[in-house]
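Asker: Give me a model of this one.
(2 chains, ligands or ions: 6)
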Protein chains: 2
Amino acid sequence: NHSVPIAARVTVSKDESRDFMAVFPDLVRDVTTVAKAYNCSDAAKWFAQALQYNVPRGKKNRGILTVLTYKNLVPAQDLTPENIKLAQYLGWCVEMLQSFFIISDDVMDNSITRRGQPCWHKLENVGMTAINDSLMIENAMYAILKKHFSHLDCYVALMELFHEITFITTCGQSLDLLHSNRSVSEFTMENYKAIVENKTAYYSFYLPFALALHLAGYKDAEAFRQSKTILLEMGNFFQVQDDFLDCFGNPEVTGKIGTDIQDNKCSWLAVVAMQRANVEQKQIMVDCYGKKEPAKIERVKELYKELGLPSTYAIFEEESYNMIKTHIQQTSRGVPHQTFLQILNKIYQRDS
Amino acid sequence: NHSVPIAARVTVSKDESRDFMAVFPDLVRDVTTVAKAYNCSDAAKWFAQALQYNVPRGKKNRGILTVLTYKNLVPAQDLTPENIKLAQYLGWCVEMLQSFFIISDDVMDNSITRRGQPCWHKLENVGMTAINDSLMIENAMYAILKKHFSHLDCYVALMELFHEITFITTCGQSLDLLHSNRSVSEFTMENYKAIVENKTAYYSFYLPFALALHLAGYKDAEAFRQSKTILLEMGNFFQVQDDFLDCFGNPEVTGKIGTDIQDNKCSWLAVVAMQRANVEQKQIMVDCYGKKEPAKIERVKELYKELGLPSTYAIFEEESYNMIKTHIQQTSRGVPHQTFLQILNKIYQRDS
Ligand SMILES: [Mg+2]
Ligand SMILES: [Mg+2]
Ligand SMILES: [Mg+2]
Ligand SMILES: [Mg+2]
Ligand SMILES: [Mg+2]
Ligand SMILES: [Mg+2]
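Answerer: Ligands and ions are numbered 1, 2, ... in the order given. The predicted structure is shown next:
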């Protein structure tokens, strides 16, 4: 009776995913070889396990997005096996960066599971060592960049991009941590946007795209600026959708049962609910949000419906789609529109 | 009645320290300005506090070593205020890197105090946020490099050096963590050396020196290689000395009471004791090492004396000093010997 995102599940094709996976062992070998060269073979062995457990287990959307974008950006004759491999390596660097963020976030949040398996730090022989493992992953990434990209023009730009995006993400994480114990009555749309943009959108959307631009030889700062605007808008929408699906998605499709309400998450639904609520409704949110009792969780969901959030979401989805499409059409620096549209359509059709 | 390192306490002069401190606020301003530009002013404010609490509180030996080495390497006419400031900024980058390591190490070890104040993560409003704060410090460092060094020839080498040293240090930390619960009967000199070199010597000794070489315009790979050998030898000796002073130093001079024995540390004394011990003495080590009871700690100390470790140490100190001096005299790639000797003499005269 209320709108949920439409359409067939569009995911990365099996071939794309298999090709991408195929190069991962190269990189494990590269970085463990570096560690071994410092008389750290025990550490290298341990590190290989940490990489295997943490890096390739997710959906790898960010890594594959890097490769697909690159393929859209360069003319067919430049799509040599060697260039494709470079794009895949960059995709794996994004996946490594993400693993580094996730492992340390799970320690900070004391999370239990991730991607259907215990969090790395929850394994009996890991514990707080997870922190150092995440740092090894972060810094091994630069060993990969040096080994495979230092002969290229874009090398400095790649390093600077990873530095900048990592710093932005830690700033977003810091904002999120500073606000994590706040009462729902203090949630604001401004904070919501700042957290989402910095903590998630930059590294999940802008980073893969910008890496592909660099590898494809783009140098025009304005092309990067225009792309950034669009990719951050997509990242913002993606998170709003994620928040919506957490409450109103079909667990049989999403594969997970949402917990944002009991976790006191500053979600888009909670922010909009507080904007819309009258005094009594605000009191319901204060009384029930962030509490574990099923009746309170249910009361919040009911309130969301009373406030018409499902249709607000549907309108937001459509407006956001149209706005991003317009911005894509307005780009003018030689990045093929198809490159953006492909990502846009993947996101807007997802239901998980 | 046993040898302790001789001589007057040689520290960095007050002027050197004051000049170095004077530029720190520039860098706090630089990096908080970056964070603010991403709509993260709350995070920027928090970050400024984290920097103030953690970065400038130590002895700053590594940072000042960077500056002193630079001053020794370049001709007087190149010692412009601008160049000195660049050397100081690099010195602060080393101090930031060290803070990043220390904050996360203290979380992993669940330590209580550091440099005479509570560890950052032990402050009531910090906790696990400390992990993210350490990451902000690590990555803000690259924003400083970009802002102040990207116009220089050595920029790529500086970034690569920080990447490599950070990765090496995490490898050393990993080795240390893998061995931290081992019994004293498994300690070996080989492991001891690998841990010390990777976890401490690279970032504490080689990094400051190599940064100064780069800033001074050195490009000859062999000059770096020769320097690395010498600086790592100094780093190894420094740690052996630290381990010796932990047990046999004068707390009124060192300013701290050693705890390596009860902490089950893989220290140089324990490694050599196990090499020297007969079956009965090994059993004493197994029974008493890593235990909290004062009588057991005392028994280990007695055993160290029975095994003649203080004089073994004195011999090691002298041999190590002579070996390093010989290696310095054998260097041949234009790095002034005085640059090495200054550091050597500072280390060998310390008693705290
Ligand atoms: Mg989390
Ligand atoms: Mg978190
Ligand atoms: Mg979610
Ligand atoms: Mg420690
Ligand atoms: Mg430790
Ligand atoms: Mg010590």
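
Asker: use CA for all of it now, contacts and neighbours both
Answerer: Noted.

Asker: would you list every one of the strands in chain A?
Answerer: For chain A, the strands defined by DSSP state E occupy A:113-114, A:117-118.

Asker: Show the average pLDDT along the first one.
Answerer: Along strand A:113-114, the predicted local confidence has a mean pLDDT of 90.

Asker: Flag every residue of chain A that's near chain B.
Answerer: Proximity of chain A to chain B is confined to A:35, A:38-40, A:42-44, A:104, A:107-108, A:128-129, A:131-133, A:135-136, A:139-140, A:142-143, A:146, A:156, A:160, A:163-164, A:166-168, A:170-175, A:177-178, A:194, A:198 under the rule C-alpha under 8 Å from any C-alpha of the partner chain.

Asker: highest average neighbour count across the strands of chain A?
Answerer: When these are scored by mean count of other C-alpha atoms under 10 Å in any protein chain shown, the highest mean neighbour count falls to strand A:113-114 (a mean of 14).

Asker: Centre of the chain to that strand, how far?
Answerer: Here strand A:113-114 is found 16 Å from its chain centre; the criterion is C-alpha atoms, centre = their mean, to the nearest Å.

Asker: hmm, who's touching that strand?
Answerer: Residues from elsewhere that reach strand A:113-114 (C-alpha atoms under 8 Å, 6 or more residues apart in numbering or on different chains): A:Cys119.

Asker: Listing partners with orientation, what would you give for that strand?
Answerer: Strand A:113-114 pairs in its sheet with strand A:117-118 (antiparallel), by DSSP bridges.

Asker: Any of the residues of chain A next to chain B buried? List them.
Answerer: Buried residues within the residues of chain A next to chain B, counting neighbours by 16 or more other C-alpha atoms under 10 Å in any protein chain shown: A:35, A:38-40, A:43-44, A:104, A:107-108, A:128-129, A:131-133, A:135-136, A:139-140, A:142-143, A:146, A:156, A:160, A:163-164, A:166-168, A:170-175, A:177-178, A:194, A:198.

Asker: could you pull out the helices for the stretch 151-300 of chain A?
Answerer: A:155-179, A:189-196, A:207-215, A:221-248, A:251-254, A:268-276, A:279-288, A:294-306 (DSSP state H, counting those that start in this stretch).

Asker: Need the ones you listed in JSON lines (columns: mean pLDDT).
Answerer: Below are those laid out as JSON lines (pLDDT from 0 to 100):
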{"stretch": "helix A:155-179", "mean pLDDT": "97"}
{"stretch": "helix A:189-196", "mean pLDDT": "96"}
{"stretch": "helix A:207-215", "mean pLDDT": "98"}
{"stretch": "helix A:221-248", "mean pLDDT": "96"}
{"stretch": "helix A:251-254", "mean pLDDT": "80"}
{"stretch": "helix A:268-276", "mean pLDDT": "97"}
{"stretch": "helix A:279-288", "mean pLDDT": "97"}
{"stretch": "helix A:294-306", "mean pLDDT": "97"}
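
Asker: winner for burial among those helices?
Answerer: Highest mean neighbour count of the helices of the stretch 151-300 of chain A: helix A:207-215, a mean of 25 (counted as mean count of other C-alpha under 10 Å).

Asker: hmm, who's touching it?
Answerer: By C-alpha under 8 Å, 6+ apart, the surrounding residues in contact with helix A:207-215 are A:62-63, A:65-67, A:69-70, A:73, A:87, A:90-91, A:94, A:154, A:157-158, A:161-162, A:165, A:224, A:227, A:231.

Asker: at 6 Å what do you get?
Answerer: Here helix A:207-215 makes contact (C-alpha atoms under 6 Å, 6 or more residues apart in numbering or on different chains) with A:66, A:70, A:154.

Asker: out of the residues you listed, who's nearest chain B?
Answerer: Using C-alpha to the nearest C-alpha, A:Cys154 comes nearest to chain B of the contacts of helix A:207-215, at 12.0 Å.

Asker: number of nearby residues for that closest one?
Answerer: A:Cys154 has 18 neighbours, counted by other C-alpha atoms under 10 Å in any protein chain shown.

Asker: And A:Glu82, by the same measure?
Answerer: A:Glu82 has 10 nearby residues by other C-alpha under 10 Å.

Asker: Check the one 5 residues further on too.
Answerer: For A:Ala87, the number of neighbouring residues by other C-alpha under 10 Å comes to 27.

Asker: returning to that earlier point: how about the strands of chain A in JSON lines, adding distance to B:Met323?
Answerer: Shown next, in JSON lines, are those (distance: least, C-alpha to C-alpha, whole Å):
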{"stretch": "strand A:113-114", "distance to B:Met323": "52"}
{"stretch": "strand A:117-118", "distance to B:Met323": "51"}
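
Asker: quick one: which of the ones you listed is nearest A:Pro310?
Answerer: Judged by C-alpha to C-alpha, the one of the strands of chain A that comes nearest to A:Pro310 is strand A:113-114, at 27.8 Å.

Asker: Can you give me every residue that contacts A:Trp104?
Answerer: To be clear, residue A:104 is Ser; Trp isn't right here. Neighbour list for A:Ser104: A:Ile131 [criterion: C-alpha under 6 Å, 6+ apart].

Asker: how much space is there between the residue sitting nearest the centre point of chain A and A:Ile328?
Answerer: Geometric centre of chain A, nearest residue: A:Ser204, 3.7 Å, by C-alpha atoms, centre = their mean. Distance, A:Ser204 to A:Ile328, using C-alpha to C-alpha, to the nearest Å: 19 Å.

Asker: what's the neighbour count on the nearest residue to the residue nearest to the centre of chain A once chain neighbours are set aside?
Answerer: Leaving aside its chain neighbours, A:Ser204 sits nearest to A:Arg62 (6.0 Å; criterion: C-alpha to C-alpha, 6 or more residues apart in numbering or on different chains). Neighbourhood size, A:Arg62 [other C-alpha under 10 Å]: 23.

Asker: any idea how far A:Ser17 is from A:Arg62?
Answerer: Computed as C-alpha to C-alpha, the A:Arg62 to A:Ser17 distance reads 11 Å.

Asker: quick one: contacts of stretch A:284-293?
Answerer: Residues outside stretch A:284-293 that contact it (C-alpha under 6 Å, 6+ apart): A:261-264, A:296.

Asker: what's the distance between the one residue in the stretch 201-350 of chain A that gets nearest to chain B and B:Ser134?
Answerer: Closest residue of the stretch 201-350 of chain A to chain B, C-alpha to the nearest C-alpha: A:Tyr202 (10.7 Å). Computed as C-alpha to C-alpha, the A:Tyr202 to B:Ser134 distance reads 20 Å.

Asker: swap in A:Phe238?
Answerer: A:Phe238 is 29 Å from B:Ser134, by C-alpha to C-alpha.

Asker: that older thread, confidence score at the residue nearest to A:Ser204?
Answerer: The model's pLDDT for A:Arg62 equals 96.

Asker: before we move on, what about the one 3 residues further on?
Answerer: With respect to pLDDT, A:Leu65 has a value of 95.

Asker: How many residues are close by it?
Answerer: 24.

Asker: Excluding residues flanking it in the chain, which one is nearest it?
Answerer: Nearest residue to A:Leu65 in three dimensions, chain neighbours excluded: A:Pro208, at 6.3 Å (C-alpha to C-alpha, 6+ apart).

Asker: Tell me the spacing between that neighbour and A:Ala50.
Answerer: 23 Å.

Asker: Same question for A:Phe316.
Answerer: 40 Å.

Asker: between those two, who's got more neighbours?
Answerer: Neighbour count, other C-alpha under 10 Å: between A:Phe316 and A:Ala50, A:Ala50 has more, with 19 against 16.

Asker: pLDDT at the nearest residue to that one once chain neighbours are set aside, what is it?
Answerer: Sequence neighbours aside, A:Asp133 is the residue nearest to A:Ala50 in space, at 6.8 Å (criterion: C-alpha to C-alpha, 6+ apart). Looking at A:Asp133, its pLDDT is 98.

Asker: Ok, the one 4 residues further on next?
Answerer: In the predicted model, A:Ile137 carries a pLDDT score of 98.

Asker: For it, the count of nearby residues, please.
Answerer: When neighbours are counted by other C-alpha under 10 Å, A:Ile137 registers 28.

Asker: which residues does it contact?
Answerer: The contact partners of A:Ile137, by C-alpha under 6 Å, 6+ apart, come to none.
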